[in-house]
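**Student:** This is a predicted model, with the sequence first.
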Amino acid sequence: MKSLIRFVIISSCIGLLGSVNVFAQQSDMQMMQQEFKKTDLNKDGFVTSKEMQAYEEKKFNELDKDKDGVLNAEELKADKTGMFKKADANKDGKVTKQEAVSQFKQYFQDMDANKDNKVSEAEYTDYWKIIMKF
């Protein structure tokens, strides 16, 4: 009887954890869809390289609270998307504007799965599912 009770409790806990994970995945997906819409400046359903660059510059400037042209560790913590963290090419714990520009060019190239020089919402969200592993 004790074994059955333990089994039921453990099974319930596992089910609950699975539900929490599904909710987190949906939340992350919604965040990426919102980011896509913010990046698609002309609202045509696609993101171009220029739109990606403009978005990156805007986000960089918002995160750069001390306006020194570098995102330090504290400023990087405010990046909810985690998009800038990979840009630290020299691994010094800071992201320069040049590192960010270079990383976002790579993001765009990687996202553009069909190589038509524009990124659809599906390409955008599919890419981030893989990168952010949600």
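**Tutor:** That came through fine.
**Student:** List the buried residues for stretch 88-98?
**Tutor:** Going by neighbour count (16 or more other CB atoms under 10 Å), the buried part of stretch 88-98 is D88, K94, V95, T96, K97. The C-beta positions use only the backbone N, C-alpha and C, and glycine is treated the same way.
**Student:** Looking at these, spot the one nearest F46.
**Tutor:** K97 (25.2 Å; CB to CB).
**Student:** show me where pLDDT drops low in this protein?
**Tutor:** 1-26, 131-134 (pLDDT under 70).
**Student:** In the protein, mark out all the strands, start to finish.
**Tutor:** 46-47, 70-71, 95-96, 119-120 (DSSP state E).
**Student:** Let me see the residues that make contact with the first one.
**Tutor:** To tie it back to what came earlier, the one meant is strand 46-47. Residues from elsewhere that reach strand 46-47 (CB atoms under 8 Å, 6 or more residues apart in numbering): F36, T39, D40, Y55, F108, M111, K118, V119, S120, Y124.
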